[in-house]
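# Sequence and computational prediction follow.
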Amino acid sequence: MSESFPTVYVVDDDPDVVKGIERLLQSAGLEVATFQSCEQFLEHHDQNAPGCLVLDLALPGLTGLQLQRALEQQGSVLPIVFLTGRGDIATSVQAMKHGAADFLTKPVDDAELIAAIHKALATDAALRRARGEQARVAKCLAALTERERQVLEQIVAGRLNKQIATELGTAVKTIKFHRANLMRKMGVRVVAELVRMAERAGVGSTPRT
(Lines give C-alpha, C1' and ligand atoms only; values in the text may rest on other atoms or scores of the structure.)
Protein backbone atom coordinates (compact mmCIF):
# COMPACT_ATOMS: atom_id res chain seq x y z
CA MET A 1 0.00 0.00 0.00
CA SER A 2 1.13 3.54 -0.75
CA GLU A 3 2.33 5.55 2.25
CA SER A 4 2.16 8.88 0.37
CA PHE A 5 0.19 11.87 1.57
CA PRO A 6 -3.51 11.45 0.70
CA THR A 7 -4.83 13.26 -2.36
CA VAL A 8 -8.29 14.69 -2.96
CA TYR A 9 -9.24 13.87 -6.56
CA VAL A 10 -11.75 16.29 -8.07
CA VAL A 11 -13.69 15.31 -11.21
CA ASP A 12 -15.95 18.02 -12.70
CA ASP A 13 -16.39 19.29 -16.26
CA ASP A 14 -16.96 22.90 -15.13
CA PRO A 15 -13.52 24.65 -15.05
CA ASP A 16 -14.79 27.35 -12.69
CA VAL A 17 -16.06 24.76 -10.21
CA VAL A 18 -12.81 22.82 -10.40
CA LYS A 19 -10.72 25.95 -9.90
CA GLY A 20 -12.84 27.06 -6.94
CA ILE A 21 -12.67 23.67 -5.22
CA GLU A 22 -8.95 23.39 -5.90
CA ARG A 23 -8.26 26.79 -4.28
CA LEU A 24 -10.46 25.91 -1.30
CA LEU A 25 -8.78 22.57 -0.67
CA GLN A 26 -5.27 23.91 -1.14
CA SER A 27 -6.03 26.70 1.36
CA ALA A 28 -7.07 23.93 3.78
CA GLY A 29 -3.67 22.27 3.33
CA LEU A 30 -4.96 19.38 1.22
CA GLU A 31 -3.24 17.77 -1.76
CA VAL A 32 -5.44 18.12 -4.86
CA ALA A 33 -5.53 16.55 -8.34
CA THR A 34 -8.20 17.70 -10.81
CA PHE A 35 -9.79 16.03 -13.85
CA GLN A 36 -12.47 17.19 -16.29
CA SER A 37 -13.85 13.74 -17.10
CA CYS A 38 -14.24 10.31 -15.56
CA GLU A 39 -12.26 8.81 -18.42
CA GLN A 40 -9.32 11.12 -17.69
CA PHE A 41 -9.44 10.18 -14.01
CA LEU A 42 -9.50 6.44 -14.73
CA GLU A 43 -6.55 6.82 -17.10
CA HIS A 44 -4.33 8.41 -14.46
CA HIS A 45 -5.59 7.08 -11.13
CA ASP A 46 -3.55 4.63 -9.07
CA GLN A 47 -6.02 2.81 -6.83
CA ASN A 48 -3.24 2.02 -4.35
CA ALA A 49 -2.82 5.74 -3.69
CA PRO A 50 -4.63 7.03 -0.58
CA GLY A 51 -7.21 9.80 -0.74
CA CYS A 52 -10.83 10.44 -1.68
CA LEU A 53 -12.81 11.48 -4.72
CA VAL A 54 -14.99 14.59 -5.11
CA LEU A 55 -17.14 13.65 -8.07
CA ASP A 56 -19.69 15.54 -10.14
CA LEU A 57 -22.79 13.50 -10.83
CA ALA A 58 -23.72 14.73 -14.32
CA LEU A 59 -20.75 14.46 -16.65
CA PRO A 60 -20.50 14.00 -20.42
CA GLY A 61 -19.41 10.49 -21.39
CA LEU A 62 -18.99 8.33 -18.31
CA THR A 63 -21.24 9.67 -15.55
CA GLY A 64 -20.39 9.96 -11.88
CA LEU A 65 -22.48 6.92 -10.99
CA GLN A 66 -20.89 4.90 -13.79
CA LEU A 67 -17.42 5.83 -12.49
CA GLN A 68 -18.51 4.73 -9.02
CA ARG A 69 -19.55 1.34 -10.43
CA ALA A 70 -16.30 1.03 -12.39
CA LEU A 71 -14.20 1.69 -9.28
CA GLU A 72 -16.35 -0.74 -7.31
CA GLN A 73 -15.72 -3.46 -9.90
CA GLN A 74 -11.97 -2.81 -9.64
CA GLY A 75 -12.13 -3.41 -5.90
CA SER A 76 -11.29 0.22 -5.11
CA VAL A 77 -11.95 1.47 -1.56
CA LEU A 78 -11.65 5.15 -2.55
CA PRO A 79 -14.45 7.04 -0.74
CA ILE A 80 -16.57 9.28 -2.99
CA VAL A 81 -18.16 12.61 -2.13
CA PHE A 82 -20.72 13.31 -4.85
CA LEU A 83 -21.59 16.83 -6.01
CA THR A 84 -24.67 17.63 -8.06
CA GLY A 85 -26.48 20.70 -9.28
CA ARG A 86 -29.77 18.91 -8.90
CA GLY A 87 -31.38 17.63 -5.72
CA ASP A 88 -31.97 14.19 -7.20
CA ILE A 89 -33.00 12.08 -4.21
CA ALA A 90 -33.33 8.82 -6.17
CA THR A 91 -29.83 9.20 -7.58
CA SER A 92 -28.36 10.06 -4.19
CA VAL A 93 -29.95 6.91 -2.76
CA GLN A 94 -28.31 4.83 -5.49
CA ALA A 95 -24.96 6.49 -4.83
CA MET A 96 -25.19 5.89 -1.09
CA LYS A 97 -26.27 2.27 -1.58
CA HIS A 98 -23.04 1.71 -3.48
CA GLY A 99 -20.94 3.18 -0.70
CA ALA A 100 -20.77 6.93 -1.40
CA ALA A 101 -19.25 8.79 1.54
CA ASP A 102 -21.53 11.80 1.05
CA PHE A 103 -23.84 13.49 -1.45
CA LEU A 104 -23.79 17.31 -1.56
CA THR A 105 -25.80 19.73 -3.69
CA LYS A 106 -24.19 22.63 -5.57
CA PRO A 107 -23.47 25.34 -4.69
CA VAL A 108 -21.89 23.48 -1.82
CA ASP A 109 -21.01 25.20 1.43
CA ASP A 110 -17.22 25.39 1.83
CA ALA A 111 -17.22 24.20 5.44
CA GLU A 112 -19.60 21.35 4.60
CA LEU A 113 -17.39 20.20 1.73
CA ILE A 114 -14.21 20.35 3.83
CA ALA A 115 -15.90 18.39 6.62
CA ALA A 116 -17.14 15.74 4.17
CA ILE A 117 -13.67 15.41 2.66
CA HIS A 118 -11.93 15.03 6.03
CA LYS A 119 -14.46 12.35 6.97
CA ALA A 120 -13.87 10.56 3.65
CA LEU A 121 -10.09 10.70 4.11
CA ALA A 122 -10.44 9.22 7.60
CA THR A 123 -12.61 6.44 6.16
CA ASP A 124 -10.04 5.76 3.45
CA ALA A 125 -7.21 5.55 5.99
CA ALA A 126 -9.20 3.12 8.15
CA LEU A 127 -10.10 0.92 5.17
CA ARG A 128 -6.50 0.81 4.00
CA ARG A 129 -5.25 -0.09 7.47
CA ALA A 130 -7.80 -2.90 7.58
CA ARG A 131 -6.74 -4.15 4.16
CA GLY A 132 -3.10 -3.98 5.16
CA GLU A 133 -3.82 -6.02 8.29
CA GLN A 134 -5.79 -8.57 6.26
CA ALA A 135 -2.90 -8.90 3.82
CA ARG A 136 -0.43 -9.33 6.68
CA VAL A 137 -2.55 -12.03 8.34
CA ALA A 138 -3.05 -13.82 5.00
CA LYS A 139 0.72 -13.86 4.48
CA CYS A 140 1.25 -15.29 7.96
CA LEU A 141 -1.40 -17.98 7.39
CA ALA A 142 0.23 -18.94 4.09
CA ALA A 143 3.47 -19.63 5.97
CA LEU A 144 1.82 -22.24 8.21
CA THR A 145 2.25 -25.93 7.55
CA GLU A 146 -0.83 -28.11 7.11
CA ARG A 147 -0.46 -29.45 10.65
CA GLU A 148 0.01 -25.96 12.10
CA ARG A 149 -3.15 -24.87 10.29
CA GLN A 150 -5.04 -27.82 11.81
CA VAL A 151 -3.78 -26.91 15.27
CA LEU A 152 -4.81 -23.29 14.69
CA GLU A 153 -8.34 -24.33 13.75
CA GLN A 154 -8.55 -26.42 16.92
CA ILE A 155 -7.35 -23.47 19.02
CA VAL A 156 -9.98 -21.21 17.43
CA ALA A 157 -12.56 -23.87 18.32
CA GLY A 158 -11.54 -23.43 21.97
CA ARG A 159 -9.80 -26.76 22.50
CA LEU A 160 -6.90 -27.30 24.92
CA ASN A 161 -3.60 -28.95 24.01
CA LYS A 162 -4.67 -32.34 25.37
CA GLN A 163 -7.95 -32.23 23.43
CA ILE A 164 -6.16 -31.17 20.26
CA ALA A 165 -3.66 -34.00 20.67
CA THR A 166 -6.51 -36.51 20.99
CA GLU A 167 -8.35 -35.03 18.01
CA LEU A 168 -5.27 -35.09 15.78
CA GLY A 169 -3.91 -38.38 17.09
CA THR A 170 -0.57 -37.13 18.36
CA ALA A 171 1.27 -36.30 21.59
CA VAL A 172 0.64 -33.20 23.71
CA LYS A 173 4.29 -32.15 23.43
CA THR A 174 3.96 -32.25 19.63
CA ILE A 175 0.93 -29.98 19.82
CA LYS A 176 2.86 -27.60 22.06
CA PHE A 177 5.66 -27.56 19.49
CA HIS A 178 3.27 -26.76 16.62
CA ARG A 179 1.43 -24.21 18.74
CA ALA A 180 4.64 -22.35 19.56
CA ASN A 181 5.68 -22.37 15.90
CA LEU A 182 2.37 -21.08 14.58
CA MET A 183 2.22 -18.31 17.19
CA ARG A 184 5.73 -17.24 16.20
CA LYS A 185 4.78 -17.23 12.51
CA MET A 186 1.60 -15.28 13.22
CA GLY A 187 3.57 -12.75 15.24
CA VAL A 188 1.52 -13.04 18.44
CA ARG A 189 2.34 -13.84 22.07
CA VAL A 190 -1.07 -14.59 23.54
CA VAL A 191 -3.78 -16.98 22.40
CA ALA A 192 -6.54 -14.35 22.52
CA GLU A 193 -4.73 -12.27 19.91
CA LEU A 194 -4.11 -15.37 17.79
CA VAL A 195 -7.82 -16.24 17.85
CA ARG A 196 -8.84 -12.67 16.90
CA MET A 197 -6.45 -12.70 13.95
CA ALA A 198 -7.64 -16.11 12.78
CA GLU A 199 -11.30 -15.17 13.03
CA ARG A 200 -10.75 -11.92 11.11
CA ALA A 201 -9.05 -13.98 8.40
CA GLY A 202 -12.04 -16.31 8.19
CA VAL A 203 -10.47 -19.33 9.85
CA GLY A 204 -13.55 -21.33 10.86
CA SER A 205 -14.34 -22.52 14.34
CA THR A 206 -15.14 -26.02 13.06
CA PRO A 207 -11.94 -28.03 12.70
CA ARG A 208 -11.37 -30.16 9.65
CA THR A 209 -11.45 -33.92 10.13
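Perfect, I can see it now. Numbering: from 1, shown residues only.
# you'd agree Ala95 is up against Phe103?
Yes: counting by Cβ atoms under 8 Å, Phe103 is a contact partner of Ala95 at 5.6 Å. Any C-beta I mention is one placed from the backbone N, CA and C, and that applies to glycine too.
# Which residues are in contact with each of the two?
Phe82 (Cβ atoms under 8 Å, 6 or more residues apart in numbering).
# Show me what the lowest-mean-pLDDT helix or strand in the chain is packed up against.
Confidence across the helices and strands of the chain bottoms out at helix 89-97, with a mean of 76, counting by mean pLDDT, DSSP states H and E. With contacts taken as 3 or more Cβ pairs under 8 Å, 6 or more residues apart in numbering; DSSP states H and E, helix 89-97 sits against helix 64-73, strand 80-84, strand 102-105.
# Buried residues of the first one, list them for me.
When you say that, I think you mean helix 64-73. Gly64, Leu65, Leu67, Gln68, Leu71 (16 or more other Cβ atoms under 10 Å).
# likewise the last one?
Neighbour-count burial for strand 102-105, counted by 16+ other Cβ under 10 Å, picks out Asp102, Phe103, Leu104, Thr105.
# what's the pLDDT at the second one?
Right, the one you point to is Phe103. With respect to pLDDT, Phe103 has a value of 89.
# Show me which helix runs longest in this structure.
helix 110-142 (DSSP state H).
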